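Student: Here's a sequence, model it:
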Amino acid sequence: MKIGILQTGHAPDNMLASMGDYDTIFETLLAGHDFDFVSFPVVDGQFPNGVDEAEGWLITGSKHGAYEDHPWIPPLEDLIREIVQRGRPLIGVCFGHQIIAQALGGKVEKFSGGWAVGGTTYQVGDETLTLNAWHQDQVTELPKGARVLGSNDFCKNAVIAYGDTIWTVQPHPEFGNDFVDGLIRTRGRGVVPDDLLDEATKRLDLPNDNGKIAVQMANFFKKGRKT
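Tutor: Numbering: from 1, shown residues only. Got it, this is the predicted structure:
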């Protein structure tokens, strides 16, 4: 099954060589599930020719806000709506989670409660899962037809589904603790409050549930595959 990765941001320059860019990190997360991948850096204006270039689609995280004025955001929203109309499986992570909600009529904004950074627990169905967060923006108003599958006290719309073909998550199952450590050192200081970064650093040795989410994502893609 071919998965198209719509890359909406890049990893920090000084982390690229050791950890890879966002598309590579997702390929690593989903390795072993018999997927082929093709990447489109839409953040640089490079889009697929159409929905048929992949059987399933994934939208990455980004340092940008879904509500910001960038020339690539309106065509990305158009592509999202086309993917939805065609019934192709679509997964969004962090910015991807937000831009899908916005494209379908929801609202995204800077959360008045501030940032979530590092290992964070969420209630997803009957499970309590720990995933790495890195965001200030949140989906604050749901689109019509959206249903919340996971949340915590800080982020009430942390995992969202739309019908059987769209699944999105606010935290980052693709971020290992080493990646978060790199973000703290390269993008955090001066942007995120120091006390939050210090607390996140203390949690870097704790286990996470990235593997569980990777299996869920892989199964979601395969279940939604059109034959």
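Student: count of residues packed around the closest residue to Thr121 other than its chain neighbours?
Tutor: Nearest residue to Thr121, sequence neighbours excluded (C-beta to C-beta, 6 or more residues apart in numbering): Thr130, at 5.2 Å. The C-beta positions use only the backbone N, C-alpha and C, and glycine is treated the same way. By the criterion of other C-beta atoms under 10 Å, Thr130 has 18 neighbours.
Student: what does the one 3 residues further on give?
Tutor: By other C-beta under 10 Å, 24 other residues sit near Ala133.
Student: That one against Val169, yeah?
Tutor: No. With contact defined as C-beta atoms under 8 Å, Ala133 does not count as touching Val169 (10.2 Å).
Student: so how far is Gly182 from Ile100?
Tutor: 26 Å (C-beta to C-beta, to the nearest Å).
Student: more crowded one of those two?
Tutor: Counted by other C-beta under 10 Å, Ile100 and Gly182 do not tie: Ile100 has more neighbours, with 31 against 19.
Student: now the strands for the protein?
Tutor: Ranges of strands within the chain are 2-6, 36-40, 56-59, 90-93, 107-110, 116-124, 127-135, 137-141, 146-151, 159-162, 166-169, based on DSSP state E.
Student: Confidence-wise, which helix or strand of the chain is lowest on average?
Tutor: helix 13-19 (a mean of 87; mean pLDDT, DSSP states H and E).
Student: now the helices for the chain?
Tutor: Remark: helices assigned in the chain by DSSP state H are 13-19, 22-29, 73-86, 95-103, 177-183, 194-202, 210-224.
Student: Against which helices or strands is the longest one packed?
Tutor: Counting by 3 or more C-beta pairs under 8 Å, 6 or more residues apart in numbering; DSSP states H and E, the packing neighbours recorded for helix 210-224 are helix 22-29, strand 90-93, strand 127-135, strand 166-169.
Student: What of the fifth one?
Tutor: Under the contact criterion of 3+ C-beta pairs under 8 Å, 6+ apart, the helices and strands touching helix 177-183 comprise helix 13-19, strand 116-124, strand 127-135.
Student: a markdown table please, covering the ones you listed and showing distance to Glu68.
Tutor: Formatted as a markdown table, the helices and strands packed on helix 177-183 follow (distance: least, C-beta to C-beta, whole Å):
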| stretch | distance to Glu68 |
| --- | --- |
| helix 13-19 | 21 |
| strand 116-124 | 20 |
| strand 127-135 | 14 |
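Student: And the ones you listed: which comes nearest Asp164?
Tutor: strand 116-124 (17.3 Å; C-beta to C-beta).
Student: Need the CA coordinates for the closest one. CSV is fine.
Tutor: What follows is strand 116-124, C-alpha atoms only, in CSV (Å, rounded to 0.1, in the frame of the first residue of the first chain):
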residue,chain,number,x,y,z
ALA,A,116,2.0,21.1,26.1
VAL,A,117,5.5,19.8,25.8
GLY,A,118,7.1,16.3,26.2
GLY,A,119,5.6,13.1,27.6
THR,A,120,1.9,13.7,28.2
THR,A,121,-0.9,11.2,29.1
TYR,A,122,-4.2,11.0,27.3
GLN,A,123,-7.3,8.9,27.8
VAL,A,124,-8.0,7.2,24.5
